[in-house]
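> Okay, sequence plus prediction incoming.
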Amino acid sequence: MALAGVRVIELAGLAPAPFCGMILADFGARVIRVDRTKVTMAMDTLARGKQSVALNLKKPEGVAVLKRLCVQSDVVIEPFRKGVMEKLGLGPDELQQENARLIYARLTGFGQSGLYATSAGHDINYLAMSGLLSMLGRKTEEPYAPLNLVADFAGGGLMCALGIVLALLERSRSGKGQIIDASMVEGAAYVGSFMWKSRSIGMWNRPRGENMLDGGAPYYDTYQTSDGKHMAVGALEPKFYDQLIQGLGLDPANLPPQMSFSDWPELKQIFSRTFASRTQAEWCDVFDGTDACVTPVLPLDEVHSHPHNRERGSFQKDIQGEVSPRPAPVLSRTPATPCLSRDPLIGEHTVSVLEEFGYGAAEVEQLLSSGAVECNKFKARL
Ligand SMILES: C[C@H](CCC[C@H](C)C(=O)SCCNC(=O)CCNC(=O)[C@H](O)C(C)(C)COP(=O)(O)OP(=O)(O)OC[C@H]1O[C@@H](n2cnc3c(N)ncnc32)[C@H](O)[C@@H]1OP(=O)(O)O)[C@H]1CC[C@H]2[C@@H]3[C@H](O)C[C@@H]4C[C@H](O)CC[C@]4(C)[C@H]3C[C@H](O)[C@]12C
């Protein structure tokens, strides 16, 4: 796989850093997640393919273990507030002094500098600060965050993974590591570059929820079907719009023009009434195989079995029967072959990882008895 041979230390975090680590693991990196000790339940649902080591970083011996892991690794991902790692004596200066090739990825909400750098926050706050949240939501409603997808995952975990891959590529020339300051505010804003750059062509001249791509246009929206399901319509270009009108069985001569903003509310009502007259399956029969840009809105439990997704193998089942998306994109020679076994227990691999990183049996025993590390392998067998 593309990242085979890359060793990553991921300090356990909430959502963006686990996603970043999972992407790297899916594409072949060896990812060791560093969990806290005395935690009963793993909250990382994005742990596919990772190993877990439980360290108490409030103990100097725990800090020393993490340093040793980082000396022999390529990447460390830290998900804490600015300054937390420095307080532990684990800042980039300390770690890169011992391993100049280390890529030190800092995944935060607000970045490593600025007024908010040390403040707590979550996806919705970062999205708000990126400017994007002000553009999201229906007409007359308050701004609305689309789950925690944009800042946590697109602007956060994914951007951080991109930064790591870029730094690995550059390191293959320079031999040097670097520090990645991955701010979710900036990552989300960057993902949204189109919103800035397309203002010049008038894409966002109207209030929120009244533009072409934000739910304003009747030909770019969702509609309820007679069985309470939905269809998604994305018929932007006139040639595709014509196919939409044809599929809906409407007479273009009786409709206002596609691009007439003032007629959009009326057109929406016509589309709503029409879509409500048949079931989702019936509309799929009408539109599948056409260029009308109309697709069913699939709930998560139907995605896997949709013929298109099934044919491509876009979703996979792990050994516990849990369905999740196959890693994307698909590389032709070195595709991701994600691990399908169960997620690690907290600290399940502490002893084996320590041994692999050169700790002798007596040292491991000492660390276990001092509480600097914890191993839950025995419990895993119960
Ligand atoms: C699923 C929910 C998560 C949703 C994601 C959410 C929408 C997000 O947006 S995630 C993005 C969050 N932001 C960032 O990641 C940006 C960078 N990080 C930060 O800004 C901060 O870390 C922070 C704000 C996220 C958290 O701040 P906090 O003060 O807690 O932490 P830090 O200042 O960073 O310091 C960390 C301290 O920890 C010490 N540390 C770290 N590792 C170790 C170690 N190995 N050993 C010892 N010590 C360690 C470190 O030294 C720091 O110490 P100091 O403070 O002394 O410096 C889930 C969100 C909430 C969950 C629910 C909740 O937990 C309650 C229930 C719990 C139950 O078990 C399960 C059900 C819950 C309802 C649970 C359910 C879900 O998991 C959640 C809803």
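Arrived safely.
> Can you give the distance of the longest helix seen in the chain from its chain's centre?
As assigned by DSSP state H, the longest helix anywhere in the chain is helix 159-174. The chain centroid and the centroid of helix 159-174 are separated by 18 Å under CA atoms, centre = their mean, to the nearest Å.
> Please apply the same query to stretch 61-68.
Relative to the centre of its chain, stretch 61-68 is centred 29 Å away, using CA atoms, centre = their mean.
> Contact residues of the protein facing the ligand?
Contacts of the chain with the ligand, taken as CB under 6 Å from any ligand atom, map to 13-16, 34, 36, 41, 43, 55-58, 79-81, 84, 87-88, 108-109, 120-123, 148, 152. The way it works is simple: take the backbone N, C-alpha and C, and place the C-beta from them, glycine included.
> ok, which stretches of the stretch 51-200 of the chain are helices?
For the stretch 51-200 of the chain, applying DSSP state H, counting those that start in this stretch gives helices covering 60-71, 84-87, 92-98, 123-130, 159-174, 184-191, 193-197.
> looking at the ones you listed, which is closest to D318?
Nearest to D318 among the helices of the stretch 51-200 of the chain is helix 159-174 (21.0 Å), distances taken as CB to CB.
> what packs against that closest one?
helix 16-26, strand 75-78, strand 103-108, strand 179-183, helix 184-191 (3 or more CB pairs under 8 Å, 6 or more residues apart in numbering; DSSP states H and E).
> Include mean neighbour count and mean pLDDT when you put the helices of the stretch 51-200 of the chain into CSV, please.
Listed next are the helices of the stretch 51-200 of the chain as CSV, based on neighbours: other CB atoms under 10 Å; pLDDT from 0 to 100:
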stretch, mean neighbour count, mean pLDDT
helix 60-71, 18, 98
helix 84-87, 15, 98
helix 92-98, 16, 97
helix 123-130, 22, 98
helix 159-174, 17, 98
helix 184-191, 24, 98
helix 193-197, 12, 96
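> Of all those, which one is nearest A29?
For those, the distance to A29 is smallest for helix 159-174, at 8.9 Å, taking CB to CB.
> how much does that closest one deviate in direction from strand 179-183?
If you take axes from the mean of the first three to the mean of the last three CA atoms, to 10 degrees, helix 159-174 sits at 160 degrees to strand 179-183.
> and the angle from helix 159-174 to helix 184-191?
Using the same axes, to 10 degrees: helix 159-174 against helix 184-191 is 90 degrees.
> mind exporting helix 159-174 as CSV, just the C-alpha atoms?
Extracted in CSV, the C-alpha atoms of helix 159-174 (Å, rounded to 0.1, in the frame of the first residue of the first chain):
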residue,chain,number,x,y,z
MET,A,159,-6.4,18.3,5.4
CYS,A,160,-4.0,17.2,8.2
ALA,A,161,-3.6,13.8,6.4
LEU,A,162,-2.8,15.8,3.2
GLY,A,163,-0.2,17.9,5.1
ILE,A,164,1.4,14.7,6.4
VAL,A,165,1.6,13.1,3.0
LEU,A,166,3.1,16.3,1.6
ALA,A,167,5.6,16.5,4.4
LEU,A,168,6.5,12.8,3.8
LEU,A,169,7.0,13.5,0.1
GLU,A,170,9.2,16.6,0.8
ARG,A,171,11.2,14.6,3.4
SER,A,172,12.1,12.1,0.8
ARG,A,173,14.1,14.9,-0.8
SER,A,174,15.4,16.9,2.2
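> neighbouring contacts of it?
3, 6, 8, 16-17, 19-20, 23-24, 74-75, 77, 101, 103, 105, 107, 177-178, 180, 182, 187, 190-191 (CB atoms under 8 Å, 6 or more residues apart in numbering).
> out of the residues of the chain next to the ligand, which are buried?
For the residues of the chain next to the ligand, a burial check counting by 16 or more other CB atoms under 10 Å picks out 13, 15-16, 34, 36, 55-57, 79-80, 84, 88, 108-109, 121, 123, 148, 152.
> Just give me the residue right at the centre of the chain.
F153 (2.9 Å; CA atoms, centre = their mean).
> Excluding sequence neighbours, find me the nearest residue to it.
Beyond its immediate neighbours in the sequence, the residue positioned closest to F153 (CB to CB, 6 or more residues apart in numbering) is F19, lying 5.5 Å away.
> how about the CA coordinates for stretch 219-230, as CSV?
Listed next in CSV are the C-alpha coordinates belonging to stretch 219-230 (Å, rounded to 0.1, in the frame of the first residue of the first chain):
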residue,chain,number,x,y,z
TYR,A,219,-33.4,22.4,-9.9
TYR,A,220,-30.8,22.0,-7.2
ASP,A,221,-32.7,20.7,-4.2
THR,A,222,-34.4,17.6,-2.6
TYR,A,223,-38.0,16.6,-3.0
GLN,A,224,-40.3,14.3,-1.0
THR,A,225,-41.8,11.3,-2.8
SER,A,226,-45.2,9.7,-2.1
ASP,A,227,-43.7,7.1,0.2
GLY,A,228,-42.0,9.7,2.4
LYS,A,229,-38.6,9.2,0.8
HIS,A,230,-36.6,11.8,-1.1
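> any idea how far the residue lying farthest from the centre of the chain is from Y144?
Residue farthest from the centre of the chain, counting by CA atoms, centre = their mean, is A253 at 45.1 Å. Distance of A253 to Y144, given as CB to CB, to the nearest Å: 37 Å.
> do P296 as well
Counting by CB to CB, the gap from P296 to Y144 is 23 Å.
> Mind checking which of the contacts of helix 159-174 are buried?
By neighbour count, with 16+ other CB under 10 Å, the contacts of helix 159-174 hold 3, 6, 8, 16-17, 19-20, 23-24, 74-75, 77, 101, 103, 105, 107, 177-178, 180, 182, 187, 191 as buried.
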